[in-house]
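Enquirer: The following block contains a protein sequence and its predicted model.
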Protein chains: 2
Amino acid sequence: MDQEKNLIYEDLSGLNKRDEIIRVAAKLFRNLGYIETSMKDIADRVGILKGSLYYHFSSKEELLNEVINKGIDLLLVIAQQVYKQYEQNPQERLKQLVKLHLLHLTNNNEYLVIATNQTDKLTLEHRENYIVKRDLYESLLRETLEEGIRADQFPPLDIKLTILAILGMCNWIVQWYKHDGPYSAEYITDYLSTLICDRMLAK
Amino acid sequence: MDQEKNLIYEDLSGLNKRDEIIRVAAKLFRNLGYIETSMKDIADRVGILKGSLYYHFSSKEELLNEVINKGIDLLLVIAQQVYKQYEQNPQERLKQLVKLHLLHLTNNNEYLVIATNQTDKLTLEHRENYIVKRDLYESLLRETLEEGIRADQFPPLDIKLTILAILGMCNWIVQWYKHDGPYSAEYITDYLSTLICDRMLAK
């Protein structure tokens, strides 16, 4: 019984350590760059030996894959909830999806930031898995635009190019946004989502 | 006299070789990444010895700086011409500036592409020089928006955030545009400049 309990604790502690390593790796990849960050940098920052790091992750690329998945998985789950919540109103649904995307990026979500600009460092297999998720995410935006056009809430659009325009406007903030900068996350989220949904896509 | 002529030819040939090296470096930085590209890769591709490459450029960072300057300098010169040509009409001026930016990016301008995403690899001094040019470029957009608002051609705007939104929509195409992809450079340029100028900034 006691032995079983200990095993569970060990598992949990292993899980927490994994999470902590992924979180530290995400910060370092963001601040130093993926290539410039070494496994030793990550181990030092977590406070473990490099050998212990390799016990959890077999390579730096495996860590990058975990970081990127963590970013896209969380966004996907919440976006699917928003999609359902606003199922009846494509126009409002789009606005909420855009706000969610912007809030995720500004809330210093290193995971998602890495997913916007480091996926070319993944192995082919990991990159293919990422693309499946990215396409699933984009399909939520695509279906929302298609429904909104049919419901006469949006003008006729080239849907693919419009999604790329929206993602560009949103994702570009990773290039300039700073927590201690002049704009708050809420202001950016409100301003850009209004530009996109109430102006660019106004009927 | 003959000796003088030879010196001129030598200088000219040195100049052409420099240009060729910068062009090759830009392509490699774009395709492989700046950090992943070695001076030997560049020398091999140009067809010279690594030692000869160091005769022209003292470091890879110096080459990166040349590539980025080439991108931004050319864009700045043409943007200033467009600015003058459409001085009387801020609305049309903005549209032409946005089209110029998009055409430059799609015309496989590796120089400008590197300038959108590799400037963090520059030395502090080179980066500061780049930022002066980038700010000069953004001032052309800022003045155009300010004049357009005063002339009642645009709605009231947060000018700084609107410029970042426009640059995001445009610059993001470096993430997905391919010469042999489904969209032509002209179609993308027309579609996005219409979204920005005729829809997002419509009065």
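Expert: Yes, it's here. Numbers count the residues shown, from 1 in each chain, chains lettered A, B, ... in the order given.
Enquirer: Would you check how far apart A:His101 and B:Asp19 are?
Expert: Going from A:His101 to B:Asp19 by C-beta to C-beta, to the nearest Å gives 42 Å. To be clear about C-beta, it is placed using only N, CA and C from the backbone, and glycine gets the same treatment.
Enquirer: Correction: the previous question concerned A:Glu125.
Expert: Distance of A:Glu125 to B:Asp19, given as C-beta to C-beta: 40 Å.
Enquirer: So between these two, which is more surrounded?
Expert: B:Asp19 (12 against 9; other C-beta atoms under 10 Å in any protein chain shown).
Enquirer: How about stretch A:72-83 and chain B, any contact?
Expert: No. Against chain B, stretch A:72-83 shows no contacts by C-beta under 8 Å from any C-beta of the partner chain, the least distance being 15.3 Å.
Enquirer: distance between that stretch and the chain's centre?
Expert: 10 Å (C-alpha atoms, centre = their mean, to the nearest Å).
Enquirer: Next: stretch A:34-49.
Expert: Here stretch A:34-49 is found 22 Å from its chain centre; the criterion is C-alpha atoms, centre = their mean.
Enquirer: What ranges does chain A have for its helices?
Expert: Per DSSP state H, chain A carries helices over the ranges A:2-32, A:39-46, A:50-56, A:60-85, A:90-106, A:110-117, A:124-150, A:159-171, A:185-194.
Enquirer: so which of those helices gets nearest B:Met39?
Expert: Of all the helices of chain A, it is helix A:2-32 that lies closest to B:Met39, at 22.2 Å by C-beta to C-beta.
Enquirer: Now A:Gly148: closest residue in space, sequence neighbours ignored.
Expert: A:Pro90 (3.6 Å; C-beta to C-beta, 6 or more residues apart in numbering or on different chains).
Enquirer: Local confidence estimate at A:Asn109?
Expert: On the pLDDT scale, A:Asn109 is placed at 73.
Enquirer: Any idea how many residues pack against it?
Expert: Other residues close to A:Asn109 by other C-beta under 10 Å number 19.
Enquirer: Touching, it and A:Ile72? I think so.
Expert: No. Using C-beta atoms under 8 Å, A:Asn109 is not in contact with A:Ile72; the gap is 10.6 Å.
Enquirer: about what we covered before: which residues are in contact with the residue nearest to A:Gly148?
Expert: With contact set as C-beta atoms under 8 Å, 6 or more residues apart in numbering or on different chains, A:Pro90 has these partners: A:144-145, A:147-148, A:151, A:153-154.
Enquirer: If we use 7 Å, what do you get?
Expert: For A:Pro90, the contact set (C-beta atoms under 7 Å, 6 or more residues apart in numbering or on different chains) comprises A:144, A:147-148, A:151, A:153.
Enquirer: hmm, which of those residues are the buried ones?
Expert: Among the contacts of A:Pro90, those that count as buried by neighbour count (16 or more other C-beta atoms under 10 Å in any protein chain shown) are A:144, A:147-148, A:153.
Enquirer: got the residues of chain A near chain B?
Expert: Residues of chain A lying close to chain B by C-beta under 7 Å from any C-beta of the partner chain are A:35, A:158, A:161, A:164-165, A:167-169, A:171-172, A:176, A:183, A:188, A:191-192, A:195, A:199-200.
Enquirer: any idea how chain A splits into domains?
Expert: As assigned by automatic domain parsing, chain A contains the domains A:14-58, A:59-200.
Enquirer: Tabulate those (TSV), appending distance to B:Gln81.
Expert: What follows is those, written out as TSV (distance: least, C-beta to C-beta, whole Å):
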stretch	distance to B:Gln81
domain A:14-58	36
domain A:59-200	26
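Enquirer: Please work out which of these is packed deepest.
Expert: Mean neighbour counts were compared across the domains of chain A using mean count of other C-beta atoms under 10 Å in any protein chain shown; the top stretch is domain A:59-200, at a mean of 18.
Enquirer: for it, the distance to its chain's centre please.
Expert: 8 Å.
Enquirer: And for stretch A:51-66?
Expert: 20 Å.
Enquirer: Can you name the residues in contact with it?
Expert: Contacts of stretch A:51-66 with the rest of the structure, by C-beta under 7 Å, 6+ apart, involve A:17-18, A:21-22, A:25, A:29, A:34, A:39, A:42-43, A:118, A:121-123, A:126.
Enquirer: Going by distance to chain B, which of those residues wins?
Expert: Nearest to chain B among the contacts of stretch A:51-66, counting by C-beta to the nearest C-beta, is A:Lys121 at 8.5 Å.
Enquirer: which residues does the residue lying closest to the closest one once chain neighbours are set aside contact?
Expert: Excluding the flanking residues, the one nearest A:Lys121 by C-beta to C-beta, 6+ apart is A:Tyr34, at 5.3 Å. Residues near A:Tyr34 by C-beta under 7 Å, 6+ apart: A:64, A:118, A:121.
Enquirer: And the nearest residue to A:Thr162 once chain neighbours are set aside, how close does it get to A:Leu161?
Expert: Excluding the flanking residues, the one nearest A:Thr162 by C-beta to C-beta, 6+ apart is A:Leu145, at 6.4 Å. Per C-beta to C-beta, A:Leu145 is found 11 Å from A:Leu161.
Enquirer: Can you give me the pLDDT of A:Glu10?
Expert: pLDDT recorded at A:Glu10 is 41.
Enquirer: quick one: A:Glu66 from chain B, how far?
Expert: Between A:Glu66 and chain B the distance is 21 Å, computed by C-beta to the nearest C-beta, to the nearest Å.
Enquirer: Sorry, wrong one. I was asking about A:Val132.
Expert: Taking C-beta to the nearest C-beta, one finds A:Val132 at 17 Å from chain B.
Enquirer: and what of A:Asn69?
Expert: For A:Asn69, the distance to chain B (C-beta to the nearest C-beta) stands at 19 Å.
Enquirer: go on, A:Glu62?
Expert: 19 Å.
Enquirer: same check, this time on A:Pro156
Expert: 12 Å.
Enquirer: The nearest residue to that residue once chain neighbours are set aside and B:Pro182, how far apart?
Expert: Nearest residue to A:Pro156, sequence neighbours excluded (C-beta to C-beta, 6+ apart): A:Ile149, at 6.4 Å. Distance of A:Ile149 to B:Pro182, given as C-beta to C-beta: 20 Å.
Enquirer: I'm done for today, thanks for sticking with me.
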